[in-house]
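>>> model this:
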Amino acid sequence: MPRYQPRHAPRHAAPRRSIGVRAGSALRSPVLVGGAAVIAVGSAVAFATVGQPQSANAAPLALSGALATESVAEARSQAQDSASRASARTSLSTAVAARTAKVQATERAQALAFAQARKAATEHAARETARRKVLENAQTDPKSAAKMLLPEFGFSADQWSCLETLWTGESGWDWRAENPSSGAYGIPQSLPGSKMATIANDWRTNPVTQIRWGLKYIKSSYGTPCNALGAWNSRYPHWY
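Numbers count the residues shown, from 1 in each chain. Just a heads-up that it's a prediction; the model follows:
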């Protein structure tokens, strides 16, 4: 008896590959990664095993890796932004500090210059007051007036002793001294006394006028009081 043959031979199909895909996601060409096909599905990632069983945790691990990479990049960007802002703040602070220091230095310099100018003005006023007082007291202290007037005619202090000796011999520093025989008058014994009017008309009573005329005469005739004294000593009776 013939063997029974089924009308339709059993269909033997190869086992289907299992691909984990989220419903409604667009499929993209798979990429082999370590024996697994990675398929981009929209913004998600699906895995399909090739010749091996599919791992249930592959997709979440891949997604976690992508998110971690994105987080690292974002953190790096934020760190760079923070560093840039910190650098900008530091630069601004440095500039502000430099400008403040410059302003303060300028203010200190101005204050110092003002203080020095005020001190100089005060000292000048004091000298002028003392000078005026000496000149006002010239009738009682003509030597102090003469000593103070030396620089006015370019004479140094070392000429003072010669001048003092010269006019001590001429008039004894008496602003009223008058030579009865020649008519020479005053501390420098001007001959005639009226020559001293070229300085001021008060030559009869003002020792300062007499001293200024005498110093001018010495400068033009002998150059220095010491030269005038040398000439005076070389003559007898003495004169210069």
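>>> how would you label Glu203: helix, strand or coil?
Just so we're on the same page, residue 203 is Trp rather than Glu. Using DSSP: H, G, I helix; E, B strand; the rest coil, the structure places Trp203 in coil.
>>> what's the burial count for it?
Around Trp203 there are 23 other residues, counting by other CB atoms under 10 Å. Where you see a C-beta, it was placed from the backbone N, CA and C, and this is true even at glycine.
>>> distance of the nearest residue to it once chain neighbours are set aside from Arg176?
Closest residue to Trp203 apart from its sequence neighbours, by CB to CB, 6 or more residues apart in numbering: Met196 at 3.6 Å. Separation of Met196 from Arg176 (CB to CB, to the nearest Å): 13 Å.
>>> Report the set of residues contacting both of those two.
Applying CB atoms under 8 Å, 6 or more residues apart in numbering, one finds that Met196 and Arg176 are jointly contacted by Gly186.
>>> more neighbours, these two?
Counting neighbours by other CB under 10 Å for Met196 and for Arg176 shows that Met196 has the greater number, 26 against 12.
>>> residues touching the more buried one, list them.
So Met196 contacts 185-186, 190, 203, 209-210, 213 (CB under 8 Å, 6+ apart).
>>> And what about it, helix, strand or coil?
helix.
>>> One more: Ala228?
Under three-state DSSP, the three-state class of Ala228 is helix.
>>> which residue packs closest to it, ignoring adjacent ones?
Excluding its sequence neighbours, the residue lying closest to Ala228 (CB to CB, 6+ apart) is Tyr222, at 4.0 Å.
>>> what sits against Trp160?
147, 150, 225.
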